[in-house]
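Colleague: Build the 3D model from these lines:
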Amino acid sequence: MLSILLGSDNLSKQKRCAEIIAGLQQLPELIKRVLELNGEILSLAKDLYEEKSLLLMGRGYNYATCLEGALKVKEVSYMHSEGILSGELKHGPLALVDENMPCVLVVLKDNTYTKCHNALQQVIARHCRPITICEEGDTDVQSMSYKYIAIPRTVDCLMNILAVIPLQLLSFHLAKLKGLDVDCPRNLAKSVTTE
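Modeller: From the prediction side, this is the model:
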């Protein structure tokens, strides 16, 4: 909030700052709406929990979302997962994509939409059945997806807060379906120790 207020001191950025503040005020209600998708996410987890690997792809703000989602999947379900910058798809990761590799793509209507849409087309061309996290009403992405989780729209820089929730719930359900204790993941230290 402080950085937004400091940024609003610049006349050219006041509209953007007001937009972000309004988005922050709406965020609790939007988070509730995403949490209501839990049943869909559980259904998705039932399709994925026996898989060996999971690729998560995003770009821009949502590259970090995919890294966080991949980390949570590894931490609690012990499934190999990688967060991949969708723009780097042709530099190696595309070789892993086929009909047997589950891929989750975050395709939101921000300034990276066209490039993420292209990545979606690339994985489809390799016979992958993509799972997408997209915006409500994005029928184009939804029609191209094997399965999708549609989240509500907010300011672009806040969308990743909403987009990471389905990935966190997915990792939770994957672990529970495997009979794992999500509260005590193995080999995970919550503090740093030094000698």
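
Colleague: Show me the shaky parts of this structure.
Modeller: Scanning the chain for pLDDT under 70 picks out 1-12, 189-195.

Colleague: Past the longest helix belonging to it, which element shows up next along the chain?
Modeller: For the chain, the helix that runs over the most residues, judged by DSSP state H, is helix 14-35. Sequence order places helix 38-48 as the next helix or strand after helix 14-35, per DSSP states H and E.

Colleague: Could I get the CA-only coordinates of that next one as CSV?
Modeller: The C-alpha coordinates for helix 38-48 follow below in CSV (Å, rounded to 0.1, in the frame of the first residue of the first chain):
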residue,chain,number,x,y,z
ASN,A,38,-12.6,-26.5,-4.8
GLY,A,39,-14.8,-29.3,-6.1
GLU,A,40,-13.6,-28.7,-9.7
ILE,A,41,-10.0,-28.7,-8.4
LEU,A,42,-10.6,-32.0,-6.5
SER,A,43,-11.9,-33.6,-9.6
LEU,A,44,-8.8,-32.4,-11.5
ALA,A,45,-6.6,-33.9,-8.8
LYS,A,46,-8.3,-37.2,-9.1
ASP,A,47,-7.3,-37.3,-12.8
LEU,A,48,-3.7,-36.4,-12.0
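
Colleague: Who are the packing partners of that helix?
Modeller: Here helix 38-48 touches strand 147-151, helix 159-177, going by 3 or more C-beta pairs under 8 Å, 6 or more residues apart in numbering; DSSP states H and E. The C-beta positions use only the backbone N, C-alpha and C, and glycine is treated the same way.

Colleague: Many thanks, have a good one.
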